[in-house]
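Peer 1: sharing a sequence plus its predicted fold:
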Amino acid sequence: MTKKRRIYFEGEVRPEWIDEFGHMGYLDYQRVADIATMAFWDEVNGGRAQSERDGGEFAIIDVHARYLREVRLGDPLSVATRLVGCDPKRFTLLHEIGSKGELCATVGLFCLSFHLGDRRVRPFDSAVAARMAAALDPEAASDPAIPACLVASLSARR
């Protein structure tokens, strides 16, 4: 099975991400996922700066995180991101955070298109929608590695 993934973050565990137990804290996994989310968003916006997007942004309304393996200071990290669902106003991402060839955490996000001007949900502009359609992983709905709550989130919220 070919999965549409893209690496949006590569680096290592930073000192400020280490908690009192000597490993990366749970919120910092989400911080790394956020870095990847913003890189994805910049890409589907064609590299346009926020000031050039006419107020079209997104809001995260649901997060599903799973912590599978410990990572420590200096460990390498990468985030492979899959767009597992999208429609004219919503998208779902799955970030797979790995280190040393092992899956360490997943962070799934359910997001809404959001306009900064009127603070309301509205459809993505046509260029963003087209880039999302091209990035969509068509096999996600049948992939057992994707949490069912992420696959079902678009069909459940109309």
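Peer 2: Yes, it's here.
Peer 1: and the strands in this protein?
Peer 2: 6-12, 56-67, 76-86, 90-99, 102-115, 120-121 (DSSP state E).
Peer 1: deepest-packed of these, please.
Peer 2: strand 90-99 (a mean of 24; mean count of other C-beta atoms under 10 Å). The C-beta positions use only the backbone N, C-alpha and C, and glycine is treated the same way.
Peer 1: can you tell which of the strands of the chain is closest to residue 25?
Peer 2: strand 56-67 (10.0 Å; C-beta to C-beta).
Peer 1: by contact count, what packs against the closest one?
Peer 2: helix 26-44, strand 102-115, helix 148-156 (3 or more C-beta pairs under 8 Å, 6 or more residues apart in numbering; DSSP states H and E).
Peer 1: pLDDT on that strand, on average?
Peer 2: Averaged over strand 56-67, pLDDT sits at 94.
Peer 1: mind listing the strands it pairs with, and their directions?
Peer 2: Applying DSSP bridges, strand 56-67 is found paired with strand 102-115 (antiparallel).
Peer 1: picking up where we left off before, may I see the helices and strands packed on strand 56-67 organised as JSON lines, with distance to residue 141 and mean pLDDT added?
Peer 2: Shown next, in JSON lines, are these (distance: least, C-beta to C-beta, whole Å; pLDDT from 0 to 100):
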{"stretch": "helix 26-44", "distance to residue 141": "19", "mean pLDDT": "96"}
{"stretch": "strand 102-115", "distance to residue 141": "14", "mean pLDDT": "95"}
{"stretch": "helix 148-156", "distance to residue 141": "5", "mean pLDDT": "68"}
